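*Asks:* model this:
(chains A and B)
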Amino acid sequence: MTPDEKTLHAAYAPLRQALAATVPPAGLEAGLLAAFRQQHPPVSRWQRLMQWLRQDRGLYLSLGGGCVAALAALMWLRPMLWNETQALQAAPAGTLVPTASTELTTAFFPLGDPARIEAAQHARMVRVSMPRASLAAYGLPVNPELADEAIEADLLVGDDGAPLALRFVRGKYQLI
Amino acid sequence: MSVLAHPTDAELHNRLMAGDEAAFTQVYRRHKDVVYRFALMLCGASGLAADATQETFLLLIREPARFDPARGALSAFLLGVVRNLVRRGRDDLAVAAPDEDDSVPDGSHDPTPLATLLAGETLNSLHQAILSLPFAYREALVLCDLQELPYLDAANVIGCPIGTVRSRLNRARAKLAELLAEHAPLRLETTL
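*Replies:* Here you go, the predicted model:
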């Protein structure tokens, strides 16, 4: 600001002070607020909630809801997970517990004439170990990385010692 | 003190658009005085200034999207609206384009005599002299000299280049000095 402008600035001071003391009529605010309420009528709680959800905060609520749902699912599944863990811990190292819940099996594949199965009076189940490549013979996929490893199978054997049917078995946590 | 206690005008405007009454109240209380005083200095009548102020904020209520924070400050927008309202409401005040009434060239005005003349004036006569300035000069003088807005903000309010604000302000000061000088001998005579 130049000296001249400073002089001018000072000369305006009384008018500026007088102007600073003027304010709009007090009733103006009330009238404007009434107009604002008319323009934006009060919304119900439900509408307010939906409005709130539409904003960014809805994202946090969704994340929170997801966490709560995950926690609830964990609580619900806990007894089952706990039982399986207990069973696995109780078994000797390196073995799988031969329970239905720890084994997965295929359906039985008939060996030879299926009528022989119906005709058989008695049969027994024998757990055998077979080359994994034999899966292919029954139309099952063979994992090339495990092709050299053996796979277990249940062999249904008739009274005469002849095999009637076969199913493949694997542990729940083994790769096939 | 938290940031939330002092939301920016842009934040308040967003909330206002969503129907937040508290945000509108805050905007009104923040800007009402500046808007009213500008209107008062432009039109010289408190009733008209109050009406213009009311219309300005009503426009913000009814058409809040008219204000675009990317284009300038909310205060500049409100001052621009009230300026247009006053100008439209008082056609007699919105006289010929200022550049046509161009007796004093830019930069030739020495503010010292005006300061001397201002010192001898009563508030009322000074107010009257400002009111008798052409509208375009008056608004430049009120915004820059009385409300002390930077030239850039004043240019935003008026809607003209910053150079135009400068030249109008120079001419407004010169014209005001002229007007006050005309009254000065008369005042001396009546006091003798």
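
*Asks:* Could you use CA atoms for every contact and neighbour count after this?
*Replies:* Will do.

*Asks:* how close does the residue minimising distance to the centre of chain A get to A:Ser62?
*Replies:* Residue closest to the average C-alpha location in chain A (C-alpha atoms, centre = their mean): A:Ala70, at 7.6 Å. According to C-alpha to C-alpha, to the nearest Å, A:Ala70 and A:Ser62 sit 12 Å apart.

*Asks:* Please apply the same query to B:Gln147.
*Replies:* As judged by C-alpha to C-alpha, B:Gln147 and A:Ser62 stand 49 Å apart.

*Asks:* same for the biggest helix by length in chain B, what does it pack against?
*Replies:* Longest helix in chain B by number of residues (criterion: DSSP state H): helix B:162-191. Where contact means 3 or more C-alpha pairs under 8 Å, 6 or more residues apart in numbering or on different chains; DSSP states H and E, helix B:162-191 is packed against helix B:111-119, helix B:123-131, helix B:135-141, helix B:151-158.

*Asks:* Mean neighbour count and distance to chain A added to these, as JSON lines?
*Replies:* Below are the helices and strands packed on helix B:162-191 laid out as JSON lines (neighbours: other C-alpha atoms under 10 Å in any protein chain shown; distance: least, C-alpha to the nearest C-alpha, whole Å):
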{"stretch": "helix B:111-119", "mean neighbour count": "20", "distance to chain A": "5"}
{"stretch": "helix B:123-131", "mean neighbour count": "17", "distance to chain A": "6"}
{"stretch": "helix B:135-141", "mean neighbour count": "25", "distance to chain A": "11"}
{"stretch": "helix B:151-158", "mean neighbour count": "21", "distance to chain A": "13"}
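
*Asks:* rank those by pLDDT, which is bottom?
*Replies:* The minimum mean pLDDT among the helices and strands packed on helix B:162-191 belongs to helix B:111-119 (a mean of 62).

*Asks:* re the thing from before, pipe the helices and strands packed on helix B:162-191 into JSON lines and attach distance to A:Ser134 per row.
*Replies:* As requested, the helices and strands packed on helix B:162-191 are exported to JSON lines (distance: least, C-alpha to C-alpha, whole Å):
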{"stretch": "helix B:111-119", "distance to A:Ser134": "107"}
{"stretch": "helix B:123-131", "distance to A:Ser134": "105"}
{"stretch": "helix B:135-141", "distance to A:Ser134": "96"}
{"stretch": "helix B:151-158", "distance to A:Ser134": "85"}
